[in-house]
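> this is a predicted model, with the sequence first.
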Amino acid sequence: MLRVNDLKKLDKDDLLNLIGLETRKDTTDYLLPALGAFTVGVLLGVGVGLMLAPKPGNELRNDLRSRFQSGQEPITGTTRGEAVTRGV
């Protein structure tokens with residue numbers, strides 16, 4: 001059995017727990033840990049990707065740049081109203 005002095009030492013969460021309730025959690029209580037875990041996952045993925053890349057950084061950037069530039073040509077052609085045809 002609890003005495004009055006014991007009740008004075010309890011905080012709000014302890015008192016609510018005695019009657020089977022708990023405090024309401026805010027959105028930030030769920031959102032911040034999820035964003036933190038997502039950020040750590042992204043950083044780990046980038047790190048592993050860079051460590052396992054088959055080419056050094058300069059070669060990989062130049063290769064990606066040339067691929068993006070060659071991929072932009074058909075896209076810019078369609079935005080100017082020119083039809084892009086593909087052979088089947």
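Received the coordinates, thanks.

> tell me the centre residue of this protein?
Phe38 (3.5 Å; C-alpha atoms, centre = their mean).

> any idea which helix or strand carries that residue?
helix 27-51 (DSSP states H and E).

> hmm, who's touching that helix?
Helix 27-51 has contacts (C-beta atoms under 8 Å, 6 or more residues apart in numbering) with no other residue. Bear in mind the C-beta positions are built from the backbone N, C-alpha and C, glycine included.

> next: stretch 2-14.
Taking C-beta under 8 Å, 6+ apart as the rule, stretch 2-14 contacts 15, 18, 22-23.

> just the closest of those residues to Asn62, please.
Thr23 (55.7 Å; C-beta to C-beta).

> now Arg67: how far from Asp6?
70 Å (C-beta to C-beta, to the nearest Å).

> need the contacts of stretch 2-14 in TSV (columns: pLDDT).
Output for the contacts of stretch 2-14, formatted as TSV (pLDDT from 0 to 100):
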residue	pLDDT
Leu15	81
Leu18	83
Glu22	82
Thr23	82
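
> farthest pair within these?
Leu18 and Thr23 (13.3 Å).

> any shared contact partners between the two?
Counting by C-beta under 8 Å, 6+ apart, nothing touches both Leu18 and Thr23.

> which ones among the contacts of stretch 2-14 lie within helices?
Members of the contacts of stretch 2-14 lying in helices (criterion: DSSP state H): 15, 18.

> mind putting the contacts of stretch 2-14 into CSV with neighbour count and distance to Met51?
Putting the contacts of stretch 2-14 into CSV (neighbours: other C-beta atoms under 10 Å; distance: C-beta to C-beta, whole Å) gives the following:
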residue, neighbour count, distance to Met51
Leu15, 11, 52
Leu18, 11, 52
Glu22, 8, 44
Thr23, 10, 44
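
> could I get the contacts of stretch 2-14 as JSON lines with distance to Tyr30?
Formatted as JSON lines, the contacts of stretch 2-14 follow (distance: C-beta to C-beta, whole Å):
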{"residue": "Leu15", "distance to Tyr30": "24"}
{"residue": "Leu18", "distance to Tyr30": "25"}
{"residue": "Glu22", "distance to Tyr30": "14"}
{"residue": "Thr23", "distance to Tyr30": "14"}
